[in-house]
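K.L.:
predicted model and sequence below, questions to follow.
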Amino acid sequence: MSVSADTGKGETMKLKRFGATEQKVYELVKPITDELEYFLWDVCYVREGALWYLRVFIDRDEGITIEDCEKVNEPVSRILDEKDPVQQSYMLEVGSAGLERELLKEEHFEACIGDEVRIRFIRPVDGEKEIRAVLESYSRDGVTVSRDGSEQFFNFADIAFIKLWFSFD
């Protein structure tokens, strides 16, 4: 993970860096999701096989339905057609951030304090490649989590990803 920083424009960058296309799309889509009262969780622009996919992930407290995705898709598609920020042809997908979403931005960590997370390490830490714990806090350098009655700090440099943990039990 790379470290988050304030851009000086009142916005924060992702812990995993946006590409130029993702940043442009994020800036175009954010006012739309805000107006429609959705939380813009992430924008991903990825190539899978021969196709490019532009994925817009949204969230809200009540959860996301197909109708929500349709409601956001129409104005997003319209602004992307108008502003044309993407060089290649692509498939637009608007969807839920998912139950076990990856925490990528400061807002994600802030929203998930007190929630159980799954942390996968780049290399084993204290003999463990992956743990589940409660997110207690975060800083520029890493996260503090609690498990088994004690708190531990893990540096972002040692972490492959942090995702919300959802138990179906």
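P.N.:
Everything's here; your move.

K.L.:
is it correct that residue 80 is in contact with residue 86?
P.N.:
Yes - with contact defined as Cβ atoms under 8 Å, residue 80 and residue 86 form a contacting pair (7.0 Å). Heads up, the C-betas are built off the backbone N, CA and C, glycines and all.

K.L.:
for those two, list the residues in contact with both.
P.N.:
Residues touching both residue 80 and residue 86 (Cβ atoms under 8 Å, 6 or more residues apart in numbering) are 25, 54.

K.L.:
compare the two (neighbour count), which wins?
P.N.:
Taking neighbours as other Cβ atoms under 10 Å, residue 80 and residue 86 compare with residue 80 leading, 19 against 16.

K.L.:
quick check: that one is in a helix.
P.N.:
Yes - counting by DSSP: H, G, I helix; E, B strand; the rest coil, residue 80 falls inside a helix.

K.L.:
tell me the confidence at it?
P.N.:
Note on residue 80: pLDDT of 97.

K.L.:
what's the answer for the one 10 residues further on, then?
P.N.:
Per-residue pLDDT puts residue 90 at 96.

K.L.:
ok, the nearest residue to residue 102 once chain neighbours are set aside - contacts?
P.N.:
Leaving aside its chain neighbours, residue 102 sits nearest to residue 163 (5.0 Å; criterion: Cβ to Cβ, 6 or more residues apart in numbering). Listed by Cβ under 8 Å, 6+ apart, the contact partners of residue 163 are 100, 101, 102, 103, 117, 118.

K.L.:
who's in contact with residue 77?
P.N.:
residue 92.

K.L.:
for the residue nearest to residue 102, name its beta-bridge partners.
P.N.:
For residue 163, the beta-bridge partners under DSSP bridges are residue 102, residue 118.

K.L.:
do you know how far the residue of the chain most remote from its centre is from residue 162?
P.N.:
Centroid-distance maximum for the chain: residue 149 at 28.3 Å, with Cα atoms, centre = their mean. Plainly put, residue 149 is 21 Å away from residue 162 if you go by Cβ to Cβ, to the nearest Å.
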